[in-house]
Structures are given as structure tokens and as C-alpha cells.
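> I would like the atomic coordinates for the input below:
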Amino acid sequence: MSVASVGYLRLGIADPSAWIEFGTNILGLMEAPRPDDQGARFLRMDDHPFRFMVEPAEKEGLTATGLEFRSKDEWQATCDALTAAGFELTAGSADEAARRCVSGFVSTEDPSGNLLELYYGRALDYTPFNSPLGVSGFVTGNELTGDMGFGHAVLPAPNTEETLEYYTDLIGLGISDDLTPPMPEGAPHTRIIFMHADNPRQHSLALYNNPHPAGVVHIMVEVETMDEVGLAMDRAKAADVPIIASLGRHVNDNMCSFYVMAPGGIAVEFGYDGLLVDWDNYTQTTSTIGDLWGHEYNF
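Next up, the predicted model:
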């Protein structure tokens, strides 16, 4: 398995300051003051220079998903496999790599049109993370787990089978769970395939079998205590940020969370207690329900 984690997301937002305000004052992320000639602003959650690049854009939503490789050799092997399979790769320039704080990257699209940035050699920022809200910390990895990335993202994949093969056969992710939840009458058939990277997080990426206008179904950030989840929920209510799923616990990854709608139509899951897996002793699951309790959805 090659991909270490989902290292960062690029978000296109009409008013980046609105997303920065949401990220800092609701989620408790830390703005990273970095010069950028394209008007982007950046959010930190750990010792990475940023986990979210928020860029001005007319079309709002997820712009790109950054997939981190542990070494240049693993990165190059994946690039070679994609090229051999007929996928076009665009090499990032030195300036573009420096903007992302990486040694090198290529951009490419999966079979459902999701833009990926495959990179290696992330430069870390050892300035201590300091949440403006006093959030004790976000779960992105430690000395026992290694880097687990920012959290997870669920991508639209209307070309489901072709896209799944792309991620498992070429990118190197593994399937952790295949969910077909019951849907209300009139709702489209829904299937979500959860995939793990080379870290213990139960899933780092998932594929949703329908299109989505924001280019992402939701993203998830995880905190270290249940109290932090409750405090974030209180902040969202006080700020009239739409809560689009009540507090609940997922079946497959054990996450206790709620969902809010961020600027740009991007759904954000804020959770605690996500499952960490020993992949050498794990059997892929197939699920027919998504939640043990709660999570009354309104989106």
C-alpha cells in the first residue's frame, strides 16, 4: 500500500474569509499566516503547514484532494502505474510545490472527475498548534499511529466501479467497508465504499455513487474528547450555522459526531472516538445501516 494519508484539501470559496471564520470560530482550527499571490488563506490543525488551503473561486466546493506518499520511490511507482494505465499526469512546478510545502507533486483526475494531487516530502511547521478556541488537539496521528492525515473525505463517484478499481488497483487504497443504507422513498439508491490508507484510521477516503454539486459529500475532522464535540455543537447553534445531522454514532468507524454546513455548501463532520484498525487482522465489512444511534440527517 502506497498512500500514507489524505494530507490536505484545497477548497474553492467565493468568500475565503467566511470559511476562515468558520474554521477558526466554529471548528477551532488555527489560521496559518502565509503569503500567497493567488489570495489563498490557510488553516492548520497540527504540525503540518496547513491542512486546508482556502482559495477564492466562483465555483465553490472541493478543488483538489492531496494524497501523501511516504517516499519519492513509492510516489514515482504510483505515477508510473497511472501513466501505464493511460491516465494523464501533470507535474507541478517548483513554485507550485513550494506553495503546497511539498518536495514534488503531480495532479490527475480519477474516473469520476475528482482532482487529486499526489505528493511526497511535506515540509512541517513546528510552531506549536494553538487553537483560538482552546481546542486541545485534533486527531491526525501520534508516535504510535504515525501520520493519519487531516481526517477523511467522501468523494462523488458516479462511475463507481471504474473509480473504485482506480483507487484500489492503482492508487493503493484498501476497502474497509461497503455500505448500502436504507433510503427514504423517492431517494436515489445510495452506496458508499469506505477506503483506508496506510495508517490505522478506519477510512481516509470514501466513494459515493452519485454526483454532488460541491465536489465532496462531506469532510471530517476529529478531536480528542467528547466535550470538544459538544462545545463545537454549542458554538454552531449560537452562530446559527446549519446543523445538518444531529449527534450520533456511526457503525463502521465508531465516530461520535454531528454535521454542519460550512460556507460554500461543504458539509463538515465534527467527531470523536474514531476506530483505529490493525489492518493485518481486519476483515472487510459490508454494512446495511450507517448509524448505531442518532444522526438525524437534514441534507
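> Next, count neighbours for the closest residue to Ser5 other than its chain neighbours.
In this structure, Ser5 finds its nearest non-sequential neighbour in Gly149, 3.0 Å apart by C-beta to C-beta, 6 or more residues apart in numbering. To be clear about C-beta, it is placed using only N, CA and C from the backbone, and glycine gets the same treatment. Residues lying near Gly149 (other C-beta atoms under 10 Å) number 25.
> what residues are up against Gly149?
By C-beta atoms under 8 Å, 6 or more residues apart in numbering, Gly149 lies in contact with Ala4, Ser5, Val6, Gly7, Glu68, Thr140, Gly141, Ala197, Asn199, Arg201, Ser204.
> Quick check: the first one is in a strand.
Going back to what we said before, that points to Ala4. Yes - judged by DSSP: H, G, I helix; E, B strand; the rest coil, Ala4 forms part of a strand.
> I'd assumed Asp198 was in contact with it.
Yes - the pair Ala4 and Asp198 qualifies as a contact (C-beta atoms under 8 Å) at a distance of 5.3 Å.
> more crowded one of these two?
Ala4 (24 against 21).
> So which residues of the stretch 101-250 of the chain form helices?
Ranges of helices in the stretch 101-250 of the chain, per DSSP state H, counting those that start in this stretch, are 160-165, 226-238.
> Show me the one of those helices that comes nearest Ser136.
Among these, the nearest to Ser136 by C-beta to C-beta is helix 226-238 (6.7 Å).
> which helices and strands sit right next to the closest one?
When contacts are defined as 3 or more C-beta pairs under 8 Å, 6 or more residues apart in numbering; DSSP states H and E, helix 226-238 sits against strand 243-250, strand 256-262, strand 266-272.
> As CSV, these with distance to Val106, mean pLDDT and mean neighbour count would be great.
Listed next are the helices and strands packed on helix 226-238 as CSV, based on distance: least, C-beta to C-beta, whole Å; pLDDT from 0 to 100; neighbours: other C-beta atoms under 10 Å:
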stretch, distance to Val106, mean pLDDT, mean neighbour count
strand 243-250, 33, 98, 19
strand 256-262, 28, 99, 23
strand 266-272, 25, 99, 24
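> What sits closest to Leu11 if chain neighbours are left out?
Nearest to Leu11 is Val54, by C-beta to C-beta, 6+ apart, at 5.1 Å.
> For Val102, which non-adjacent residue is spatially closest?
Tyr119 (4.2 Å).
> For the one you found, name its beta-bridge partners.
Glu68, Phe105 (DSSP bridges).
> go on, Leu205?
With DSSP bridges as the rule, Leu205 is bridged to Ala153, Met195.
> one step back: if I pick the residue nearest to Leu11, what's in contact with it?
For Val54, the contact set (C-beta under 8 Å, 6+ apart) comprises Leu11, Ile13, Pro16, Trp19, Ile20, Gly23, Ala40, Arg41, Phe42, Leu43.
> Tell me how far the third one lies from Leu9.
To tie it back to what came earlier, the one meant is Pro16. Using C-beta to C-beta, to the nearest Å, Pro16 is found at 14 Å from Leu9.
> Which one's more surrounded, the two?
Leu9 (24 against 21).
> backbone phi and psi for the more buried one, please?
Main-chain torsions, Leu9, degrees, to the nearest 10: phi -130, psi 140.
> Contact partners for it?
By C-beta under 8 Å, 6+ apart, the contact set of Leu9 is Arg51, Phe52, Met53, Leu62, Ala64, Thr65, Gly66, Phe150, Ala153, Ile219.
> just checking, which of those belong to strands?
Among the contacts of Leu9, DSSP state E puts Phe52, Met53, Leu62, Ala64, Thr65, Gly66, Ala153, Ile219 in strands.
> Which of those residues ranks first by neighbour count?
Going by other C-beta under 10 Å, Met53 tops the ones in strands among the contacts of Leu9 with 26 neighbours.
> quick one: contacts for it?
Tyr8, Leu9, Arg10, Leu11, Ala40, Arg41, Phe42, Arg100.
> any idea which element the first one lies in?
Think Tyr8. Element membership of Tyr8, judged by DSSP states H and E, is strand 3-13.
> what about Trp293, which SS state?
Strictly by three-state DSSP, Trp293 counts as strand.
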